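# Sequence plus the predicted model coming up.
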Amino acid sequence: MFRALLIDRSDDGFSAGLTELDDDALPEGDVLVDVAHSTVNFKDGLAVTNSSPIVRSWPMVPGIDLAGTVTASEHPDVAVGDRVVVNGWGIGEETWGGFAQRACVQGGWTVPLPEAFSTEQAMAIGTAGYTAMLCVLALEEHDVVPDGGPVLVTGAAGGVGSTAIALLAARGYEVHASTGRPEEADYLTGLGASTIVDRNELSEPSTRPLVRGRWAGAVDVVGSHTLANVLAAIEPEGCVAACGLAQGMDLPTSVAPFILRGVTLRGVHSVTVPRPRRLVAWERLAADLDQGLLAGMTRVVGLDDVIGVSEEILAGRIRGRVVVDVNA
């Protein structure tokens, strides 16, 4: 038997709570993992609180991330005893995820956990940090270099934003951090941001398709008017890596940044990224991410706390990352 957070929806309504399950309840897969840690992302918050149609199969064990040790494997590239991390691939949405002490997954979804990280640290990174690394790789591939000018990070106090700041600063970039929480200024400068930008400067509608260039590139998790205003302020040949929609899915902009300044809008997703690119991202995280900074942006909770934390993250009250110790 193992403990899990189970959510369900029926004619009687929505339910979420801890329960005891056995291995027979697990979904099909060729790798069995004893889960040590998971994490609460914004998407998890939506699923656990039934705030958006994230889940596509019921009942569901949510949690789009997990890290643990393989206890059984029928996959040729995954051995019993391997420490692995799984991000995305529909876990916590289409098949059971990480808010449980045990998980059954496809071996091709797993990534070997770098020796540099414990399972707790891997989940302090989680999908948010892994996505931040994918954004940094995208900027590098579009020739946004440390001496090319400042790089903006929106939603800076969140999980993606916090990790992106730390990663960019470690590579020598001048990082500007946009946030609506001025009380987080010391936290953000501690991660490596040199300038704090008030979110209100970017979040309002604008009729100007271009403004004075301010940034060589950006990591955007907000979307909508914020992304439109960021694009309008990118220097020629710059790039914006967009990976979120905290303000909205719309993009009220024009072609002006793209055809008059050669700006690139590079979409970044994390769910079905091919395994070779995942390996590169995790190798770079192991090389570039300051573990002291990682600890400073991390809070650890137990499985019992996930529902409350999910409500906090949707209310915008979470700083950095929340790790779930599923055995606590």
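That came in fine, so what should we check first? Numbers count the residues shown, from 1 in each chain.
# From here on, just use CA atoms for contacts and neighbour counts.
OK.
# Domain-wise, how is this structure divided?
The chain resolves into domains spanning 2-113+297-325, 126-267 when parsed by automatic domain parsing.
# and residue 284, which of those is closest to it?
domain 126-267 (7.6 Å; C-alpha to C-alpha).
# follow-up on the earlier one: identify whichever of the domains of the chain lies nearest to residue 282.
domain 126-267 (7.1 Å).
# Report the secondary structure state of residue 236.
strand (DSSP: H, G, I helix; E, B strand; the rest coil).
# what's near enough to touch it?
213, 216, 261-263 (C-alpha atoms under 8 Å, 6 or more residues apart in numbering).
# for the residues you listed, which one is nearest residue 240?
Closest to residue 240, out of all of those and judged by C-alpha to C-alpha, is residue 263, at 7.8 Å.
# quick one, phi/psi of the closest one?
phi -70, psi 140 (degrees, to the nearest 10).
# ok, back up a step: okay, the domains of the chain in a markdown table with mean pLDDT and distance to residue 291 next?
Converted to a markdown table, these look like this (pLDDT from 0 to 100; distance: least, C-alpha to C-alpha, whole Å):
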| stretch | mean pLDDT | distance to residue 291 |
| --- | --- | --- |
| domain 2-113+297-325 | 95 | 10 |
| domain 126-267 | 96 | 10 |
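# Kindly reformat the ones you listed as JSON lines containing distance to residue 276.
Conversion of the domains of the chain to JSON lines gives the following (distance: least, C-alpha to C-alpha, whole Å):
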{"stretch": "domain 2-113+297-325", "distance to residue 276": "9"}
{"stretch": "domain 126-267", "distance to residue 276": "12"}
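# ok, residue 302 - contacts?
Per C-alpha under 8 Å, 6+ apart, neighbours of residue 302: 324-328.
# what residues does stretch 14-28 touch?
Contacts for stretch 14-28 (C-alpha under 8 Å, 6+ apart): 1-9, 48-50, 95-96, 103-105, 304, 307.
# From these, keep the buried residues only.
Neighbour-count burial (16 or more other C-alpha atoms under 10 Å) is assigned, among the contacts of stretch 14-28, to 3-8, 48-50, 95-96, 103-105, 304, 307.
# returning to that earlier point: and the contacts of residue 236, which of them are buried?
216, 261-263.
# Which ones among those map onto strands?
Among the buried ones among the contacts of residue 236, the members found in strands (DSSP state E) are residue 216.
# Turn the buried ones among the contacts of residue 236 into TSV, including distance to residue 23.
Compiled in TSV, those are given as follows (distance: C-alpha to C-alpha, whole Å):
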residue	distance to residue 23
216	51
261	56
262	54
263	51
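# of the buried ones among the contacts of residue 236, closest to residue 145?
Nearest member of those to residue 145, counting by C-alpha to C-alpha, is residue 216, at 8.4 Å.
# Let me see the contact set for the closest one.
So residue 216 contacts 144, 148-151, 234-239 (C-alpha under 8 Å, 6+ apart).
# Emit the ChimeraX select command for whichever of the residues you listed are buried.
Only the buried entries of the contacts of residue 216 go into this ChimeraX selection, using 16+ other C-alpha under 10 Å:
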select :144,149,150,151,234,235,236,237,238,239
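# so can I have TSV of the contacts of residue 216 showing distance to residue 295?
As requested, those are exported to TSV (distance: C-alpha to C-alpha, whole Å):
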residue	distance to residue 295
144	28
148	30
149	29
150	26
151	24
234	32
235	34
236	37
237	35
238	32
239	30
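# Identify each buried residue in the lengthiest helix in the chain, please.
Longest helix of the chain, by residue count under DSSP state H: helix 119-141. Neighbour-count burial for helix 119-141 flags 119-139 (criterion: 16+ other C-alpha under 10 Å).
# same check, this time on stretch 276-290
Here stretch 276-290 shows 278-279, 281-282, 284-286, 288-289 as buried, counting by 16+ other C-alpha under 10 Å.
# Give me the contacts around it.
For stretch 276-290, using C-alpha under 8 Å, 6+ apart, the contacting residues are 111, 113-114, 116-117, 130, 133-134, 137, 166-167, 170-171.
# What are the neighbouring residues in contact with residue 110?
84-87.
# Of the residues you listed - the most surrounded one?
Most neighbours among the contacts of residue 110, by other C-alpha atoms under 10 Å: residue 87, with 29 neighbours.
# Please verify my assumption that it contacts residue 128.
No. Residue 87 is beyond contact range of residue 128, at 9.6 Å (criterion: C-alpha atoms under 8 Å).
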